[in-house]
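> Here is the input, now give the coordinates:
(2 chains)
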Amino acid sequence: MLEIRNLTKRFGGLAAVNDVSTTIEHGKINAIIGPNGAGKTTFFNLVSGVHLPTSGSIHFEGRDVTALRADKMARLGVGRTFQTTALFDQASVLDNLIVGHRLRTQSGLWDVLAGTSRLRTEERVCREKAREALDFVGLSHVANRIAADISQEERKRVAFALALSTDPKLVLLDEPAGGVNPEETAGLADLIRKMKAAGLTVCLIEHKMDMIMNLADKIMVLNYGEKIAEGTPAQIRANPAVIDAYLGSEHAEIQ
Amino acid sequence: MDGVIDPARARLGWALLFLAGLAFPFIVGNDYHLTVMSTAYIFAIATLGLNLITGYTGQFNLAHAGFMAVGAYTVGILTVDHQWPFWAAFPLSGLAAVLMGVPLGWVSLRLKGHYFSIFTLCVGYIMFLVIEKWESLTHGTVGIIGIPLPGPIGPIAFDSPRTLYYMVFAFLVAGVWIMRRIARSLLGRTFVAIRNSDDLAESLGIDLMRNKLLAFLLSVFYAGIAGGLYAGFVRFLGPGIAAVENTFDMTMYMLVGGLGTLLGPLLGALAVPWLTQYLQFLQEYRFLVFGPILILLVIFVPHGIVGTYLGWKAKRASQAALAAAPPRSSRGTQGAQSSPSTPAAATGAPPAGRPAPGGRHA
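From the prediction side, this is the model:
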């Protein structure tokens, strides 16, 4: 689904992502792990078009998308979430979600001024999409609450719903379970499985090892911007380079 | 935003405001009050525009008065130096502002946040200087004197304060009506998404530059039209109209009423000039009263009068929605508990026994 070849991003002298090649496989849950500062979010920003890579290429469904901007990537079907989601706190959750399907609509200024039927239809479609996405993430009951009033875990689900309302084929999730408790983490993991079951390809960054090992079909490990391992959770668990670079240092931190 | 008010009541409210505007000349006794109100309406139109780019789209444009001056001088120069009738020159006031806005917006909107504001502050000052120094075109500091009154349209002659009042009022009504359509549409939601977070908006497939530029051009169109009306109404123009103080005044109107609301900037633009009128007897000292009032307002009512009211309504609607929703035991298990309401089986498991496709690891 997504082919990444020799991807490099330099910020000045620092190579945040260095010569990474991988594939994000269709219909699977692909995870990216690595210590803080390993270049995971930069990798996401390259794939989703926020940053332009210094070198290397990205192909999405066979098409070269290396130089495409983020909004174009979203249109092609790459949705994403952020570590923190900026919502309009004074508006209802549903109102926040309506704009999510905007990219699939055509109405412009003229439709607004003339009040065309196209605009009315598209506004209805966007509202339905928002409701559908809220249903999918299990938040129908908070649709009419203002965004300021919902919990951290509900915010995470709203972020998922926003990404889903763009009708994506591939969803990039940046630390979907960051800052929520273990029970809620399990709930979010179930939601990610549900996304896979619905035919979506998922790629996520996460620090919670238990969650990743249970959830991912395939894991890529980054360290100092370089890919040091890739494989199934079992393979990653047994990989000495990973234990050394990642688990080793994390265990050291805990002690 | 506007969704928290029941649509029927909102329409009734606007209708009452409209009737009050219609009745105003019959309520006040003298022409002076009509002139104050008409001027307030003109600045209200410009403020509506500023609110579109600043309040809804989140890009604080400090050159707004400059664009108002472009509209005003377009009418002034064409009518006085080229003997155009007012109504021929007037449509060009909005157009001229938009034409200036295309290159300026295209360059300045590449900058984000404060950098955009600082850049437009400089642009506004340059516009002021050009108007002041380019004497062959703008008459420099002398200004443009003797702009003709708007000519009659059919049987309606605009030769008295009352008819001029209705002329300006008609444009304000049209301006509010169009802005209301924009704000409530998908287009308005797109602008608000950009204000909330442009990274998030872009990840939702929104073309930032295109939408920011559209909001910017609409906003300067309002400024240009307001300038054109100003020229026909005041009939004298000086470079001062482009001064940044005018932008700051309009900003104050927005802040008092409520940034990013429809009614707020309108309310601010009408209320503040009347308040300053009533503090006129204090002369220069009135700012000693006015300054602290403004500071208190920004500290304690940061969303403005209308913004605070809408926030309160939204909060109440939110609590009502909570009361109406099925009860949920504790926040901690909310995620797992909410899943039975979704159809698919994958999330239907209770938190303790989660399914583990792909192997369970300790």
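> Give me the nearest residue to residue 40, chain neighbours excluded.
If you meant another chain, say so; for now it's chain A. Among residues not flanking residue A:40 along the chain, residue A:205 sits closest, at 4.5 Å (Cβ to Cβ, 6 or more residues apart in numbering or on different chains). From N, CA and C alone the C-beta is placed, and that goes for glycine too.
> Sorry, I should have been clearer: chain B.
Leaving aside its chain neighbours, residue B:40 sits nearest to residue B:273 (4.6 Å; criterion: Cβ to Cβ, 6+ apart).
> got a pLDDT number for the one you found?
You'll see residue B:273 listed with a pLDDT of 89.
> Which of the three states applies to it?
Following DSSP: H, G, I helix; E, B strand; the rest coil, residue B:273 is assigned to helix.
> surely it meets residue B:41?
No: the pair residue B:273 and residue B:41 does not pass the contact test of Cβ atoms under 8 Å, sitting 10.0 Å apart.
> who's more crowded, those two?
Taking other Cβ atoms under 10 Å in any protein chain shown, residue B:273 and residue B:41 do not tie; residue B:41 has more neighbours (26 against 19).
> hang on, the more buried one is in a strand, isn't it?
No: read with three-state DSSP, residue B:41 is helix and lies in no strand.
> My read is that it contacts residue B:174, right?
No: the pair residue B:41 / residue B:174 is not scored as a contact, 11.6 Å apart, by Cβ under 8 Å.
> And the most centrally placed residue in chain B, what's its pLDDT?
Nearest to the mean C-alpha position of chain B, by Cα atoms, centre = their mean, lies residue B:51 at 2.2 Å. Per-residue pLDDT puts residue B:51 at 97.
> So it versus chain A, what's the distance?
Separation of residue B:51 from chain A (Cβ to the nearest Cβ, to the nearest Å): 16 Å.
> Now do residue A:151 against residue A:193, distance only.
The gap separating residue A:151 from residue A:193 is 21 Å, by Cβ to Cβ, to the nearest Å.
> Ok, residue A:24 next?
Separation of residue A:24 from residue A:193 (Cβ to Cβ) stands at 17 Å.
> Repeat that for residue A:39.
Distance, residue A:39 to residue A:193, by Cβ to Cβ: 27 Å.
> Identify the residues contacting the closest residue to the residue nearest to the centre of chain B other than its chain neighbours.
Distances taken as Cβ to Cβ, 6+ apart place residue B:265 nearest to residue B:51, at 4.3 Å, with adjacent residues excluded. Each residue near residue B:265 by Cβ atoms under 8 Å, 6 or more residues apart in numbering or on different chains is listed here: B:44, B:47-48, B:50-51, B:55, B:250, B:253-254, B:257-259.
> and with 7 Å instead?
For residue B:265, the contacting residues are B:47-48, B:51, B:55, B:253-254, B:257, by Cβ atoms under 7 Å, 6 or more residues apart in numbering or on different chains.
> Adding distance to residue A:178 and secondary structure as columns, could you present the residues you listed in a markdown table?
Formatted as a markdown table, the contacts of residue B:265 follow (distance: Cβ to Cβ, whole Å; DSSP: H, G, I helix; E, B strand; the rest coil):
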| residue | distance to residue A:178 | secondary structure |
| --- | --- | --- |
| B:47 | 41 | helix |
| B:48 | 41 | helix |
| B:51 | 36 | helix |
| B:55 | 32 | helix |
| B:253 | 41 | helix |
| B:254 | 36 | helix |
| B:257 | 38 | helix |
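> are any of these buried, and which?
B:47-48, B:51, B:55, B:253-254, B:257 (16 or more other Cβ atoms under 10 Å in any protein chain shown).
> Just the closest of the residues you listed to chain A, please.
Of all the buried ones among the contacts of residue B:265, chain A sits closest to residue B:55, with 12.5 Å by Cβ to the nearest Cβ.
> Now that closest one. Nearest residue, chain neighbours left out?
In this structure, residue B:55 finds its nearest non-sequential neighbour in residue B:260, 3.6 Å apart by Cβ to Cβ, 6+ apart.
> Quick check: that neighbour is in a strand.
No: under three-state DSSP, residue B:260 sits outside any strand and is assigned coil.
> contacting residues for residue 50?
Picked chain A for this. By Cβ under 7 Å, 6+ apart, the residues touching residue A:50 are residue A:70.
> other chain: chain B
Counting by Cβ under 7 Å, 6+ apart, residue B:50 makes contact with B:61, B:64, B:219, B:250, B:254.
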